[in-house]
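Engineer: Predicted model follows, preceded by the sequence.
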Amino acid sequence: MKKGNKSVIIWLLSGCVLLFLMVVVGGITRLTNSGLSMTDWHLVTDTFPPLTDAKWNEAFEQYKKFPEYQKINIHNDFQLSDYKFIYFWEWFHRFIGRIIGLVFFVPFVYFLARKKLDKETIRKCIVLLAMGAFQGFLGWFMVRSGLIDNPDVSHFRLSLHLTFAFITFAYTLWVALDLIYPERSIYKVIPLRNIARFALVALLIQIIYGGFVAGLNAGLIHNHWPLMSDGQFIHDSVFIEQPTLAKNLTEGKSGVQFVHRTFAYVVVALILFLYYRSTKFSLTNTQKNGVKTLVVFVFIQFLLGVFTLLYSVPLALGLIHQIMAFFLLSAMTFTLHRLSK
């Protein structure tokens, strides 16, 4: 690591921590059904929650005009205190987003003015800023889908929002790693790099389907393992919820859960294959540790997925499962970087 890059690296890693925190809070927001509590989006005026009783009542009355209240919460003796709870998590999620925007933009301008960034890093940082702005748009695009007729957000939009957050995090970490390890390594291992790339793609597909499961509440059915309900590996409901097989596997609760629970084996197998192949090469300690960490993390994540399903997605387990996905993606990004450069 070059001495001049230290402050830039700290800045990028701080961004990674904030992105991690934002996804965690986003998970809480989803699991507590808080995502539709703020029915509009204003960059400045929504920075802080309502500060007076009158403002709270005004926000609550506005919320009552939308489907989530009219079709669900009106029947649940839903009071202002309940509204304040769900409002907090959505507000906090958006607030962290604003902080991330400032943390990325202000230091970027400072480093640019002080000429601490080379042309390649400037280009990467501009991409990061664009990704951050697009992620903010995706958040509102997702929320908007639950404010029209159906009192729930589109699971496609939710998954897109979640997956893009993971990708933004991974890319931020990759840019930081480029500065931590500025010299091209002579230990680049092309065969292992290619396997790691396949494993990364598989992991991202699994994250996409994790978003589908969350968006459809598909973890609340077939709470058995290793088989689905009625002792079936592929339950009959996988094929009958939607009119076509493609829709069943992308829009049906049973089909989406089947893909997510089954594709987990593919992710585990690819990482184990990477580990097996890595024993055939002379690797640096950093590369070895990266691969070993992947193996440990993927088994922890697999077990968390099983228990989250068996216990019908309690808040704590659902959140830990999402957090572990972040750690697994971090390890995957680091290992791929060390095998590639």
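Structural biologist: Happy to help now that I have it.

Engineer: Show me the shaky parts of the stretch 151-300 of the chain.
Structural biologist: 185-186 (pLDDT under 70).

Engineer: mind checking the SS state of L309?
Structural biologist: Secondary structure assignment for L309 (DSSP: H, G, I helix; E, B strand; the rest coil): helix.

Engineer: same question, the one 10 residues further on
Structural biologist: Assigned state for L319: helix (three-state reduction, three-state DSSP).

Engineer: before we move on, what about L51?
Structural biologist: Under three-state DSSP, L51 falls in the coil class.

Engineer: pLDDT score assigned to it?
Structural biologist: As predicted, L51 sits at a pLDDT of 89.

Engineer: so who does it touch?
Structural biologist: When contacts are counted by CB atoms under 8 Å, 6 or more residues apart in numbering, L51 touches no other residue. Yep, even glycine has a C-beta here, placed from its N, CA and C like the rest.

Engineer: Next, it: phi, psi?
Structural biologist: Note on L51: its backbone torsions stand at phi -110, psi -10 [degrees, to the nearest 10].

Engineer: so S37 is in which element?
Structural biologist: Under DSSP states H and E, no helix or strand contains S37.

Engineer: With L274 instead?
Structural biologist: L274 belongs to helix 253-278 when assigned by DSSP H and E.

Engineer: where along the stretch 51-200 of the chain do the helices fall?
Structural biologist: Taking DSSP state H, counting those that start in this stretch, the helices of the stretch 51-200 of the chain run over residues 53-63, 67, 80-113, 119-144, 155-180, 190-216.

Engineer: Output the contacting helices and strands for the first one.
Structural biologist: It refers to helix 53-63. With contacts taken as 3 or more CB pairs under 8 Å, 6 or more residues apart in numbering; DSSP states H and E, helix 53-63 sits against helix 80-113.

Engineer: Likewise for the longest one?
Structural biologist: Applying 3+ CB pairs under 8 Å, 6+ apart, we find helix 80-113 packed against helix 6-31, helix 53-63, helix 119-144.

Engineer: run the last query once more with 10 Å
Structural biologist: When contacts are defined as 3 or more CB pairs under 10 Å, 6 or more residues apart in numbering; DSSP states H and E, helix 80-113 sits against helix 6-31, helix 53-63, helix 119-144, helix 155-180.

Engineer: Which one of those lies nearest to Q79?
Structural biologist: Q79 lies closest, by CB to CB, to one member of the helices and strands packed on helix 80-113: helix 53-63, at 9.0 Å.

Engineer: how distant is the helix or strand following that closest one from the center of its chain?
Structural biologist: Toward the C-terminus, helix 53-63 is succeeded by helix 67 as the next helix or strand (DSSP H and E). Computed by CA atoms, centre = their mean, to the nearest Å, the chain-centroid distance of helix 67 equals 26 Å.

Engineer: ok, F169 touching F20?
Structural biologist: Yes. With contact defined as CB atoms under 10 Å, F169 and F20 form a contacting pair (6.6 Å).

Engineer: Now do the shared contacts for those two.
Structural biologist: Taking CB atoms under 10 Å, 6 or more residues apart in numbering as the contact rule, F169 and F20 both touch 326, 330.

Engineer: Could you give me the buried positions within stretch 10-18?
Structural biologist: By neighbour count on 16 or more other CB atoms under 10 Å, the buried set for stretch 10-18 is 11-16, 18.

Engineer: Adding pLDDT and distance to L272, write the residues you listed out as CSV.
Structural biologist: CSV is the format used below for these (pLDDT from 0 to 100; distance: CB to CB, whole Å):
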residue, pLDDT, distance to L272
W11, 95, 36
L12, 95, 31
L13, 96, 29
S14, 95, 34
G15, 94, 32
C16, 95, 27
L18, 95, 33
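
Engineer: Give me the neighbour count for I122.
Structural biologist: By the other CB atoms under 10 Å criterion, the neighbourhood of I122 contains 13 residues.

Engineer: what separates the closest residue to it other than its chain neighbours from T32, distance-wise?
Structural biologist: Leaving aside its sequence neighbours, I122 sits nearest to L112 (CB to CB, 6 or more residues apart in numbering; 6.9 Å). L112 sits at a distance of 40 Å from T32 (criterion: CB to CB, to the nearest Å).

Engineer: okay, those two: which has more neighbours?
Structural biologist: T32 (15 against 12).

Engineer: Surely that one and F92 touch.
Structural biologist: No. T32 is not in contact with F92 according to CB under 10 Å; the separation is 11.2 Å.

Engineer: Perfect, that will be all.
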